[in-house]
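*Asks:* sharing a model prediction with you, sequence too.
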Amino acid sequence: MRYFSVIICVLALYGGLSAQQDQRNVVTEEDYARAESFLAQHTNPLVFGGSVSPQWLSDGRFWFRSINPEGETYLLVDPIRRSREPAFDHQRLADMLTGMTGRIIEPSGLPLEDMWIEDGTLVALMAGGRDLLCDLSRYACKFLDGDVPAFSRDEAVSPDGKSVVFIKDHNLWLRSLDTGGESPLTTDGVED
């Protein structure tokens with residue numbers, strides 16, 4: 001009798017569980033619309049400072065772009081000193097770019113599409129559709145000639161700001177920013 005009671009309980013429990021599994025949730029169009037409202041394209045305009053994409057410098061500091069309701073700000077962070085400050089004078093750079101491009105450029109809307117700072121003094125960016133090199137210690141900027149290849153984050157600007165080092169055909173190459181001339185630094189590179 002005891003064995004029979006245990007079997008009855010197990011069957012009743014199994015029957016109840018399988019009945020619950022048969023009751024499937026029905027997903028409606030409203031459910032999909034509500035879920036879609038939580039996707040990034042709908043929430044990003046509502047959240048500021050939600051993520052940081054650091055661009056590390058050789059001395060351990062990094063800079064990043066902060067988007068806020070007033071526009072964009074570029075900040076330089078020193079984790080060792082626990083400091084955070086503007087990466088450069090946004091107003092001075094905006095004034096310089098306004099004079100060079102002939103367009104009014106606001107400090108909170110600098111047209112920086114691809115930028116990096118090397119040794120805290122140089123910034124390369126796209127402004128008015130052209131590559132631009134700026135010495136931030138003097139806020140002296142110049143457009144790069146069309147035959148000089150555009151910068152990328154895979155290049156490193158020399159400390160004197162006169163050349164860049166980059167990888168080509170698995171070797172290190174040096175390119176002069178004044179002439180655009182390239183010369184190999186190594187010749188024994190292999191595909192990694």
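*Replies:* Okay, I see it. Numbering: from 1, shown residues only.
*Asks:* state the mean pLDDT of stretch 37-48.
*Replies:* The pLDDT scores in stretch 37-48 average 78.
*Asks:* equivalent analysis for stretch 134-148, please.
*Replies:* Mean predicted confidence for stretch 134-148 is 72.
*Asks:* any buried residues in that stretch, and which?
*Replies:* For stretch 134-148, the neighbour count (16 or more other Cβ atoms under 10 Å) marks 134, 136, 141, 144, 148 as buried. (C-beta placed from N, C-alpha, C; glycine too.)
*Asks:* assign the residue most central in space within the chain to helix, strand or coil.
*Replies:* Nearest residue to the geometric centre of the chain (Cα atoms, centre = their mean): residue 53, 4.8 Å. Here residue 53 is recorded as coil under DSSP: H, G, I helix; E, B strand; the rest coil.
*Asks:* mind putting the buried residues of stretch 134-148 into JSON lines with distance to residue 179 and secondary structure?
*Replies:* Converted to JSON lines, those look like this (distance: Cβ to Cβ, whole Å; DSSP: H, G, I helix; E, B strand; the rest coil):
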{"residue": "134", "distance to residue 179": "19", "secondary structure": "strand"}
{"residue": "136", "distance to residue 179": "23", "secondary structure": "coil"}
{"residue": "141", "distance to residue 179": "19", "secondary structure": "strand"}
{"residue": "144", "distance to residue 179": "11", "secondary structure": "coil"}
{"residue": "148", "distance to residue 179": "8", "secondary structure": "coil"}
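*Asks:* which two among those residues are spaced furthest apart?
*Replies:* Spanning the widest gap among the buried residues of stretch 134-148 are 136 and 148, at 19.7 Å by Cβ to Cβ.
*Asks:* closest to residue 175 out of the buried residues of stretch 134-148?
*Replies:* Nearest member of the buried residues of stretch 134-148 to residue 175, counting by Cβ to Cβ, is residue 148, at 7.6 Å.
*Asks:* what about the chain, any weak spots by pLDDT?
*Replies:* Along the chain, the parts satisfying pLDDT under 70 run over 1-6, 8-24, 113-114, 116-130, 145-154, 159, 192.
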